[in-house]
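Peer 1: Here is the input, now give the coordinates:
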Amino acid sequence: MNFTQRMAFAAQRVYGWLLTFYPLKFRSNYGPLMTQVNRDLTREAMAQSGFLSLISLWLETIKDLVASIWKEQFDAWRRDMPPKTRIAFLIGSIFLGISALFVIVNVLQYEIGINLAWNPFDIVLERTKDTPLRLVFDAVILFGPAVAVGLFILPHVEIRLRPGEDELAAIVIHKVEGLSLLLIGLSVLVLGIIGLYLVGENLPCLIGQQVSC
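Peer 2: Numbering: from 1, shown residues only. Take a look at the predicted model:
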């Protein structure tokens, strides 16, 4: 097996993994057909010009997959999700969105050095300086992703009272997949970036190189 063949094999494995982000019903109906079509397109690309065609195919495939996954997940969310679950996802998405936008803006402006024309967080920080709202804002930024993870997991947790003769209650965690898994992953990623940023900012204090912290 040469390098191009190994890449094609790995790409098909990744494609199968990406299909898990589709809703279960959609994946059951169309997953095998999509896998077969992707396998056929991969073979055609390798027969045409090998590695370059494979890269071109996968750039187009990933673009289409991302758009399609979001569409199908949103349709399933709107069609099948109970009202309480929708509320939990909506609030969790707001917390995650605020923290993620803060991370993106600050990385672009202060770490990469891109001069943004407008930074909404600078305005908020300036107007809430030395006020209780500043503490609320900082808490949302720091703990928003953790709150989001809890809200995204909550709909998959079921508390059953008196499940058996010898048990008063039981907590059942249903399988997490699709949109929930994607949002939880994004929340953990944002939380990790914030944690690394805080450690980097306070590293001189942590290792004793700076007395005043």
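Peer 1: tell me what the helix or strand containing Leu54 is packed against?
Peer 2: Using DSSP states H and E, Leu54 maps to helix 51-80. Secondary-structure packing of helix 51-80 (3 or more C-beta pairs under 8 Å, 6 or more residues apart in numbering; DSSP states H and E): helix 3-19, helix 24-49, helix 178-206. In short, each C-beta sits where N, CA and C put it, glycine included.
Peer 1: how far off helix 24-49 does the longest one point, in degrees?
Peer 2: So the one you mean is helix 178-206. Put simply, helix 178-206 runs at 80 degrees to helix 24-49, going by axes from the mean of the first three to the mean of the last three C-alpha atoms, to 10 degrees.
Peer 1: Show the average pLDDT along stretch 157-173.
Peer 2: For stretch 157-173, mean pLDDT rounds to 72.
Peer 1: right, I mislabeled it, should have said stretch 136-150
Peer 2: Averaged across stretch 136-150, pLDDT comes to 92.
Peer 1: contacting residues around it?
Peer 2: The contact list for stretch 136-150 (C-beta atoms under 8 Å, 6 or more residues apart in numbering) reads 92-93, 95-96, 98-100, 102, 124-125, 128, 183-184, 187-188, 190-191, 194, 198.
Peer 1: can you tell which of the helices and strands packed on helix 51-80 is closest to Asn106?
Peer 2: For the helices and strands packed on helix 51-80, proximity to Asn106 was assessed by C-beta to C-beta; helix 178-206 is nearest, at 8.0 Å.
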